[in-house]
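Undergrad: Below is the sequence, then the predicted model.
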Amino acid sequence: MLAEIITIGDEILIGQIVDTNSAWMAKELNKVGIRVKQISSVSDDKDHILKALAEAAGRAKIIFITGGLGPTKDDITKKTLAEYFGVGLIENKEALENVAQIFAKYNRPLLEVNRQQALVPSNCEVVPNKNGTAPGMWFNHEGVIYVSMPGVPFEMMYMMEGEVIPKLQATVKLPSIVHKTLLTVGEGESFLAERIADIEDSLPAHIKLAYLPKLGQVRLRLSAFGDNVELLTKEVDAFAAKLIKRIGRFFVVDEDIPLEKAIMNKMEDMGLTVAVAESCTGGYISHLFTQHPGSSKTFLGGGIVYSYDLKEHILGVKHETLEQFGAVSEQTVKEMIEGALFNFKSDFAIAVTGIAGPDGGTADKLVGTVWIAVAGHGKQLIKKYTFGNKRQQNIERSAVTALSMLNTLLTDVAD
């Protein structure tokens, strides 16, 4: 079952807001066997919207529309939908009661412009909005289902989960989809593809393999389509096992979770802790860990040691080392990792020092030069990397590389 998503609003097209709705919707729809064929963003222009609807109806059987349902003059989606279907607008009793209740709850007067939010095209079924004043609308027209929802993310999400998806499941016969995601780190997409080429070639037609690369990581997603969930799951698990064996040390986990979360889960299972000594990453690694609930079970903390003084006073890096070799050097990062283990009392530690850019480089230490050390349980890895000249990318690459090195040590310890 193919679907299309259309987001409406000039604010998306000028970059004022990011369209997070489409990504969330596509993910949820995929879970129930609805495959999104195309995602489009269109302006607050009647002709543009009408054209987008007509074109989408030629590609998909379900069309999801978000945005343009507010009370202001630039919200033209309802009127445009009525014109598209050739119908008029009528006042919906339930929608009006919902609007009135919301304004009464906050002791605000119900203005005519708000009352008009209860007007809907005469051929629609109203989808209740329990979190806002704009009702959703469901149309079944010439074999295509159209669902129009508010653009406010939390309103749309509750409407999709509580009303739209259950109605779709009751209305349309949907196939089963089984997904399994393998997280890898430390090997590029092309090298990984070459490594597993024969396994990929052996996949049956109803099982697809997708490569999802992201700064030092590649997610491999197996997707199986059919009617028998149990059989599909067995098939996917069997191919996943082959891939994991072939990928070897670059494999992290067979879950669709962030790299740092996978590492924290592994460390929690092993009863291990980690601390950090961050210079050029400026706390980014700490942020990656602490954004997850329960991170304190494994992450002890550490130090953002940007200056020479803090490297000396917090970690115990020797003044002579910094003077002779500089902050961005093998000698300094070695003393940083040793100081982190000694002072923070963790089982493992990460130390990073480098030149994030865009300036600060020299002839022998270019922008993007980063030294990373990971140590624990008597094992130590120290490596030099030369990334690019984009500051944020250098910070993110350094963090991912450090986590990859930590995963390598943890795998060695587990073995």
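TA: All right, it came through fine.

Undergrad: dump the residue contacts of S40.
TA: Contacts of S40 were listed using C-beta atoms under 8 Å, 6 or more residues apart in numbering, and they are 4-7, 52, 56. For every residue, glycine as well, the C-beta is placed using N, CA and C.

Undergrad: Beta-bridge partners for it, please?
TA: Per DSSP bridges, the residues bridged to S40 are I6.

Undergrad: And it, what's its pLDDT?
TA: Residue-level confidence at S40 comes out at 96, pLDDT.

Undergrad: So which bits of the worst-scoring helix or strand of the chain on mean pLDDT are buried?
TA: Ranking every helix and strand in the chain by mean pLDDT, DSSP states H and E puts helix 112-115 at the bottom, with a mean of 82. For helix 112-115, the neighbour count (16 or more other C-beta atoms under 10 Å) marks 114-115 as buried.

Undergrad: average pLDDT for the very next helix or strand once past it?
TA: Scanning the chain past helix 112-115 towards its C-terminal end, the next helix or strand to appear is strand 119-121 (assignment: DSSP states H and E). For strand 119-121, mean pLDDT rounds to 95.

Undergrad: Parallel or antiparallel, list what pairs with strand 119-121.
TA: Paired with strand 119-121 in the same sheet, following DSSP bridges, are strand 89-91 (antiparallel).

Undergrad: hang on, the earlier thing: output the least confident helix or strand of the chain as PDB, nothing but the C-alphas.
TA: As requested, C-alpha coordinates have been extracted for helix 112-115 and formatted as PDB (Å, rounded to 0.1, in the frame of the first residue of the first chain):
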ATOM      1  CA  GLU A 112     -15.900  34.200  14.900                       C
ATOM      2  CA  VAL A 113     -12.500  33.400  13.400                       C
ATOM      3  CA  ASN A 114     -12.200  30.500  15.900                       C
ATOM      4  CA  ARG A 115     -15.800  29.300  15.300                       C
END
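
Undergrad: which strands and helices sit next to that helix?
TA: The criterion is 3 or more C-beta pairs under 8 Å, 6 or more residues apart in numbering; DSSP states H and E, and the helices and strands that helix 112-115 contacts are helix 93-105.

Undergrad: ok, which pair from the contacts of S40 is furthest apart?
TA: Spanning the widest gap among those are T7 and A56, at 11.9 Å by C-beta to C-beta.

Undergrad: quick one: buried residues of stretch 196-210?
TA: Of all the residues in stretch 196-210, those buried under the rule 16+ other C-beta under 10 Å are 196, 200, 207, 209.

Undergrad: what's the answer for stretch 320-332, then?
TA: For stretch 320-332, a neighbour-count test (16+ other C-beta under 10 Å) marks 321-322, 327-329, 331-332 as buried.

Undergrad: Show residues contacting stretch 310-323.
TA: 277, 279, 303-305, 308, 327, 329, 331-332, 335-336, 338-340, 342-343.

Undergrad: Please pick the buried ones from those.
TA: For the contacts of stretch 310-323, a neighbour count by 16+ other C-beta under 10 Å gives the buried set as 277, 279, 303-305, 327, 329, 331-332, 335-336, 338-340, 343.

Undergrad: Can you add distance to F387 and give the contacts of S40 back as JSON lines?
TA: As requested, the contacts of S40 are arranged in JSON lines below (distance: C-beta to C-beta, whole Å):
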{"residue": "E4", "distance to F387": "38"}
{"residue": "I5", "distance to F387": "35"}
{"residue": "I6", "distance to F387": "38"}
{"residue": "T7", "distance to F387": "34"}
{"residue": "A52", "distance to F387": "40"}
{"residue": "A56", "distance to F387": "41"}
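
Undergrad: May I ask which of those has the most neighbours?
TA: Looking at the contacts of S40 with neighbours defined as other C-beta atoms under 10 Å, the largest count falls to I5 at 25 neighbours.

Undergrad: what's near enough to touch that one?
TA: Neighbour list for I5: 21-22, 25-26, 36, 38-40, 63-66 [criterion: C-beta under 8 Å, 6+ apart].

Undergrad: So among those residues, which ones count as buried?
TA: Buried positions within the contacts of I5, assessed by neighbour count (16+ other C-beta under 10 Å), are 21-22, 25-26, 36, 39, 63-66.

Undergrad: Which ones among these map onto helices?
TA: 21-22, 25-26 (DSSP state H).
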